[in-house]
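Peer 1: the sequence and its predicted three-dimensional model are supplied below.
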Amino acid sequence: QVRLVESGGGSVQTGESLKLSCKFSGVDTRQNCIGWLRQGTGRRREEVAEINARGPEVRYAKGRFSISVDIGQNTVDLQMNDLRPGDSGTYLCAAGVKVLGSCLPWRYWGQGIEVTVSS
């Protein structure tokens, strides 16, 4: 059974950094990808980064964000730098099976964690 648990959210000021962690279990690291998505109030859900579950290849990372995997700890970290109010929202960790080069659709989801960036 796949389980994803996010941690590290909170409130920061504009320009500050924050690191989110996704602790995963039950994931087949040979076949799965792990991604971070976010959803702000009134906005569509948006993917911000994804990585092969066994690392180290980063498949995608948006702008000021970087993603990494620690196989020993079974965690995927999302490092977010120079944060802005538009980065506020619920951040979700997701896992998918890589098929024909794509991780979509995301099959498993964490509960989500809140990030608030104040100006």
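Peer 2: Nice, I can see it.
Peer 1: tell me the buried residues in stretch 82-93?
Peer 2: Judged by neighbour count using 16 or more other Cβ atoms under 10 Å, the buried positions of stretch 82-93 are 83, 87-93. Heads up, the C-betas are built off the backbone N, CA and C, glycines and all.
Peer 1: which one of these is nearest to residue 74?
Peer 2: Ranked by distance to residue 74 (Cβ to Cβ), these are led by residue 93 at 11.9 Å.
Peer 1: so how far is residue 2 from residue 97?
Peer 2: Residue 97 sits at a distance of 10 Å from residue 2 (criterion: Cβ to Cβ, to the nearest Å).
Peer 1: element containing the most centrally placed residue in the chain?
Peer 2: By Cα atoms, centre = their mean, the chain has its centre lying nearest to residue 36, at 2.2 Å. Assigned by DSSP states H and E, residue 36 belongs to strand 32-39.
Peer 1: show me what that strand is packed against.
Peer 2: Applying 3 or more Cβ pairs under 8 Å, 6 or more residues apart in numbering; DSSP states H and E, we find strand 32-39 packed against strand 18-25, strand 46-52, strand 65-70, strand 75-80, strand 89-97.
Peer 1: tell me the bridge partners for residue 91.
Peer 2: residue 38, residue 113 (DSSP bridges).
Peer 1: in contact with it, which residues are there?
Peer 2: By Cβ atoms under 8 Å, 6 or more residues apart in numbering, the residues touching residue 91 are 6, 9, 20, 36-38, 48, 78, 112-115.
Peer 1: same check on residue 17?
Peer 2: Each residue near residue 17 by Cβ under 8 Å, 6+ apart is listed here: 79-83.
Peer 1: can you check residue 56 too?
Peer 2: Contacts of residue 56 (Cβ under 8 Å, 6+ apart): 68-69.
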